[in-house]
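Participant: what follows is a predicted protein model with its sequence.
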Amino acid sequence: MVKLIGAALIIFAGTMIGWLQAARYAARPNQIRQLIHALQRLETEIGYGFTPLPEAIARCAAHVPEPAASLLRDVNGRLGGAGEPSFRESWEAAVAAIWPNTAMRQPEQAALVRLGHNLGISDREDQLKHLKLAAQQLAFEEEAARQDSARYAKMWRSLGVLTAALIVILIL
């Protein structure tokens, strides 16, 4: 009886590990899409609303879903903090702070960090160009993430169950 309960727990744990890994693959394209949407909103605020960058970030943070909202709120909070950090420093620190809580990978992080290097230091037109470029880079990464999700999500679900079943067979 104890072996049967142990086997069931091992299979359950292996299955959950596989499903969690598959969920990360499925969440990545959605999170990239949300970042693209946030950048487009920011572009609209800056380009058509003539809104200053800190105010535009605050407005966008209120209208986009997580994790993009967390990134924008964190940037805005750091800009108003003590020591008067530059926009670049605030952006990089915010990206580094929220990144472990996302399903995104290094290429998306690199695109956002590059964007942070260019925002806030040039005129409105140049900022709009950099926002569009970052959105295009993220769109390319989104397509790659969708392909990875289609390729690997089902594999991880199956691998979790099959690995747990192998462990149970070896133990019994």
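Facilitator: Noted; the coordinates are in hand.

Participant: any low-confidence regions in this protein?
Facilitator: Scanning the chain with the threshold set as pLDDT under 70 gives 81-84.

Participant: out of all of them, which helix in it is the longest?
Facilitator: helix 124-171 (DSSP state H).

Participant: from the contact counts, what lies against that one?
Facilitator: Other helices and strands packing on helix 124-171, by 3 or more Cβ pairs under 8 Å, 6 or more residues apart in numbering; DSSP states H and E, are helix 2-47, helix 106-118. Where you see a C-beta, it was placed from the backbone N, CA and C, and this is true even at glycine.

Participant: got the angle for it vs helix 2-47?
Facilitator: If you take axes from the mean of the first three to the mean of the last three Cα atoms, to 10 degrees, helix 124-171 sits at 180 degrees to helix 2-47.

Participant: burial check on the residue nearest to Ile167 when sequence neighbours are not counted, number of neighbours?
Facilitator: Nearest residue to Ile167, sequence neighbours excluded (Cβ to Cβ, 6 or more residues apart in numbering): Ile10, at 5.6 Å. If you count neighbours by other Cβ atoms under 10 Å, Ile10 ends up with 17.

Participant: same deal with Ile167?
Facilitator: Residues lying near Ile167 (other Cβ under 10 Å) number 15.

Participant: do the same with Leu9
Facilitator: By other Cβ under 10 Å, the residues close to Leu9 number 12.

Participant: now Val95: how far from Phe12?
Facilitator: Per Cβ to Cβ, to the nearest Å, Val95 is found 36 Å from Phe12.

Participant: of those two, who's got more company?
Facilitator: Comparing Val95 with Phe12 by other Cβ under 10 Å, the one with more neighbours is Val95, at 20 against 12.
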